[in-house]
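1. Sequence first, predicted model second:
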Amino acid sequence: MQHILEELEIRRERARAGGGEKRIAAQHAKGKLSARERIALLLDENSFEEYDMFVEHRCNEFGMADQKVPGDGVVTGWGTVNGRVVYVFSKDFTVFGGSLSLTHAQKIVKVQRAAARVGAPVIGIFDAGGARIQEGVDSLAGYADIFMENVLSSGVIPQISVIMGPCAGGDVYSPAMTDFIFMVKDTSYMYVTGPDVVKTVTNETLTHEELGGAKLHSSKSGVADGAFENDLEAMTQIRRLVDFLPGSNRENAPVRESYDDGERVENSLDTLIPANPNKPYDMKELILKTVDEADFFEIAPDYAKNIICGFARVEGQSVGVVANQPMALAGVLDIDASKKAARFVRFCDAFNIPIITLVDVPGFMPGAKQEVGGLIKHGAKLLFAYAEATVPKVTVITRKAYGGAYDVMSSKHLRGDVNYAWPTAEIAVMGSKGAVEIIFRAEAAGDPAKLAEKEAEYKARFANPFVAAQRGYIDDVIMPHSTRRRIAKALRSLKGKKISNPWKKHDNIPL
Ligand code: HXC
């Protein structure tokens, strides 16, 4: 009897060893942790319940019958993050480069389905070279099964991908269908095909970093929502993110005890807006002074910096914050900003997270580059996302809300629930200078004094929040120092909000 019990421990040890000491040492030498070490950092201590550690592949091609490693290159199961259940799979690069066999895929699908059943996030940790080449079409079938679960779970449970090594093929397409992708600087890469294939097909010579590094994807392509310094920081930050999210779309946004008074006033905000309307100021200051304990988890901080998106809490309740950033491109809405914010708004709406929108926007970005790039369609994404969102929506206009961008940024007209403006707000079709140059073109042509006089007249009439307030498009004009208090009260009043859109199979958002 004793030897049967011992046999279990021997088998477990074999599975835990993965691709062996040498390969684990190679992993460490590259500055990467092993699949199991990453799980240990991600989950609460001793909370990991592993599944399928004895699963082996069933491939007999290319001598594979003699090369079996229990677990088959992926560690799967569930555990807790600050006491809340999450499902996890972590690719083991030390076993066939983390590549995906049919059985490896079946392990992942098992946790994806379990997570959807119980309503818990799935966190995928990727360090893998794509389809297991020896398995051929079985591997492709396995990927398609995972993709299918990604799609069915989209909007049902949060799906988070962390890229922690060189990832190609299916190991970038599955993350691409999840809600958030994070990378690790200098050790992680994402590409559909790696540098060798690129050289063969297009004759381009590119490094891994140039083709798919963390810097590229978190600042230029927008594929990744953030880049962390190392594996430890990545796992710590994912724990922080999970705390903001509900387990599924069946739950409300989480509420945790808050020690930050909802009635707190911030007098320094009364001088946040510079006297010169063309001077920038840091919108992050307003965010940090408004939310609980200045705790803000920013999404895609290095991409489309002209719009800020991220999670925070107000009186303990998770909220999504979307804010124009005057410090970058004057906070204009361009293609990248529209795409970034639209996706974020849709995530919040899918998962019952109220949205706070802070507006200082001079309009949509003019120019041939933007038009050729399809600004019309991309800008429409954000408009569409705000319009369809049924979660509580609270908006504060701090300064400019010009033109179509005024409509887009969670205006009253798109079912904004509570819309406030600071006394410094300018709600108009466009800035005063541009406006008078058009409407008084003939009258004031070549007469700068007349133009200046008309500009002052236009400004006095329209560059304020009161025209909109007179029409009820703004619910109240509030003092900057009371922004937190007014937002907290608005959110309290919206706790019971329930509206729904007309029945449809799904909408047809301009993709
Ligand atoms: C089987 C693989 C593998 C794969 C790596 N290995 N990729 N085994 N199938 N796809 C094995 C290697 O043989 C090696 O085994 C070990 O993993 C480590 O690989 P190295 O090449 O030594 O590591 P490194 O130099 O760090 O390069 C990592 C890499 C490279 C960039 C990921 O291995 C690579 O380019 N692999 C192929 C990537 C690829 O084209 N995959 C197919 C994508 S198509 P030993 O025994 O030496 O340790 C795809 C289809 C799905 O995924 C698409 C759906 C839309």
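-> Received, thanks.

2. Residue 493: neighbour count?
-> 13 (other CB atoms under 10 Å). In short, each C-beta sits where N, CA and C put it, glycine included.

3. Now do it against residue 418, distance only.
-> Residue 493 sits 7 Å away from residue 418, going by CB to CB, to the nearest Å.

4. What of residue 143?
-> For residue 143 relative to residue 418 (CB to CB), the value is 45 Å.

5. And residue 211, by the same measure?
-> The separation that residue 211 has from residue 418, given CB to CB, amounts to 46 Å.

6. okay, the two: which has more neighbours?
-> Applying other CB under 10 Å to residue 211 and residue 418 shows that residue 418 carries more neighbours, namely 21 against 17.

7. Verify the contact between that one and residue 488 for me.
-> No. The pair residue 418 and residue 488 does not pass the contact test of CB atoms under 8 Å, sitting 11.2 Å apart.

8. Tell me the pLDDT of the residue nearest to residue 278 when sequence neighbours are not counted.
-> Excluding its sequence neighbours, the residue lying closest to residue 278 (CB to CB, 6 or more residues apart in numbering) is residue 330, at 7.9 Å. Looking at residue 330, its pLDDT stands at 95.

9. Residue 461 too?
-> 85.

10. what helix or strand is it on?
-> Using DSSP states H and E, residue 461 falls within helix 448-462.

11. so what does the next helix or strand after that helix touch, helix or strand wise?
-> Using DSSP H and E, the helix or strand that follows helix 448-462 in sequence is helix 466-470. In terms of contacts (3 or more CB pairs under 8 Å, 6 or more residues apart in numbering; DSSP states H and E), helix 466-470 is packed against strand 476-477.

12. ok now the strand it packs on, how far from the chain's centre?
-> The chain centre lies 31 Å from the centre of strand 476-477; the measure is CA atoms, centre = their mean, to the nearest Å.

13. same thing with stretch 388-398?
-> Using CA atoms, centre = their mean, the offset of stretch 388-398 from its chain centre is 18 Å.

14. end-to-end on that stretch?
-> Taking CA to CA, to the nearest Å, the first and last residues of stretch 388-398 lie 24 Å apart.

15. Which of the residues in it are classified as buried?
-> The neighbour-count check on stretch 388-398 (16 or more other CB atoms under 10 Å) flags 389, 391, 392, 393, 394, 395, 396, 397, 398 as buried.

16. What's the mean pLDDT across that stretch?
-> Mean pLDDT, computed over stretch 388-398, is 98.

17. interface residues of the stretch 51-200 of the chain facing the ligand?
-> Contact residues (CB under 6 Å from any ligand atom) of the stretch 51-200 of the chain with the ligand: 96-97, 99, 129-133, 140, 143, 166, 168-170, 173, 194.

18. hmm, which helix or strand of this protein has the shakiest average pLDDT?
-> Taking mean pLDDT, DSSP states H and E as the measure, the chain has helix 432-439 as its least confident helix or strand, at a mean of 84.

19. Identify the residues contacting it?
-> 428, 429, 444, 451, 454, 455, 458, 459, 462, 463 (CB atoms under 8 Å, 6 or more residues apart in numbering).

20. any idea how far the second one lies from residue 404?
-> The span separating residue 429 from residue 404 equals 9 Å under the rule CB to CB.

21. same thing with the last one?
-> Here residue 463 is placed at a distance of 18 Å from residue 404 (CB to CB).

22. and the two? which has more neighbours close in?
-> Set residue 463 next to residue 404 and count neighbours by other CB under 10 Å: residue 463 wins out with 22 against 15.

23. Can you give me the distance of that one to the ligand?
-> Shown here: residue 463 relative to the ligand, a distance of 52 Å by CB to the nearest ligand atom, to the nearest Å.

24. Show the pLDDT at the closest residue to that residue other than its chain neighbours.
-> Spatially, and ignoring its direct neighbours in sequence, residue 463 is nearest to residue 426 (4.1 Å; CB to CB, 6+ apart). Residue 426 carries a pLDDT value of 95.

25. now residue 429
-> Residue-level pLDDT assigned to residue 429 equals 88.

26. quick one: buried residues of stretch 62-77?
-> For stretch 62-77, burial by neighbour count (16+ other CB under 10 Å) applies to 64, 69, 70, 71, 72, 73, 74, 75, 76, 77.

27. for this protein, what's the longest strand?
-> Counting residues, the longest strand in the chain under DSSP state E turns out to be strand 393-402.

28. Off-centre distance for that one?
-> That offset, for strand 393-402, works out to 22 Å (CA atoms, centre = their mean).

29. What strands line up against it, and which way round?
-> Strand 393-402 pairs in its sheet with strand 355-361 (parallel), strand 418-421 (parallel), strand 426-428 (parallel), by DSSP bridges.
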